[in-house]
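[1] Here is a sequence together with a model predicted from it:
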Amino acid sequence: MADMNIEKARHNMVEQQIRPWDVLDQRVLDLVLRIPREEFVPAEYRSMAFVDMPLPIGHGEVMMEPKLEARMVQSLAIQPGDKVLEVGTGSGYVTALLAGLAADVVSVEIEPELLEQARQRLTTHGISNAVLEQGDAANGWDKAQPYDVIAVTGSVAALPRELKENMQVGGRMFVVVGESPIMEAMLVTRINANEWREEVLFETLLPPLKGASQEKPFVF
């Protein structure tokens, strides 16, 4: 794809997919325009880097569609001093977006091969404020906690309390909760030591987060 066509496709992605989905934060839009999404996509799907659909990245994982990535980042209202936990590194693209707004990002990926590929991409693009760890953070990640922001890149059947406990008071978490065909993107804010506010943002579909229990707890 010629450079001119790539930039036109990137511009169209923002104007036709992302902005109409109520992503209006100029900081987020500038990041999407600046960070080359096509270089985080597996080579065989590079021509589809700006298409409004999830893209396979191997090991049963996907890159979210661009508008969902951007809406997630916008909803977290990341500030320059924030410390972020990303649960599920995937391709590393969302990691790059988060790192572009935050002071530090800790990103945890359960699949070693995906983690190494993401590490190489982030290094290539000079992103030095993201620490990548191999492991399962679906039920919390105690290293370097508490976090100001938590971004969960796969769906969960029920919200893990351990992740809620990893947040600072005033911290925000984006997570998709539910089971197909009904899932809700939620913003969870920690009010104090024992209270959290849960706000439903929109309905969507997202593959399950590896390592997360996909059984809803029984309620008496």
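    Sure thing, it's come through. Residues are numbered from 1 along each chain as shown.
[2] what's around residue 91, how many residues?
    For residue 91, the tally of surrounding residues (other Cβ atoms under 10 Å) stands at 25. No exception for glycine: its C-beta is placed from N, CA and C like everyone else's.
[3] quick one: contacts for it?
    By Cβ atoms under 8 Å, 6 or more residues apart in numbering, the contact list for residue 91 reads 40, 41, 42, 57, 63, 114, 117, 118, 121.
[4] any idea what sits nearest it, other than its immediate chain neighbours?
    Leaving aside its sequence neighbours, residue 91 sits nearest to residue 40 (Cβ to Cβ, 6 or more residues apart in numbering; 4.5 Å).
[5] quick one: that neighbour and residue 63 touch, right?
    Yes. Look at residue 40 against residue 63 with Cβ atoms under 8 Å: they come within range, at 7.4 Å.
[6] Common neighbours of the two, please.
    Counting by Cβ under 8 Å, 6+ apart, the common neighbours of residue 40 and residue 63 are 91, 93.
[7] give the contact list for residue 99.
    With contact set as Cβ under 8 Å, 6+ apart, residue 99 has these partners: 84, 105, 122, 127, 129, 130.
[8] ignore the last one, residue 193
    Residue 193 neighbours (Cβ under 8 Å, 6+ apart): residue 169.
[9] same thing with residue 211?
    Residue 211 makes contact with 110, 136, 137, 138, 139, according to Cβ under 8 Å, 6+ apart.
[10] For residue 160, which non-adjacent residue is spatially closest?
    Spatial nearest neighbour of residue 160, chain neighbours left out: residue 139 (5.0 Å); criterion: Cβ to Cβ, 6+ apart.
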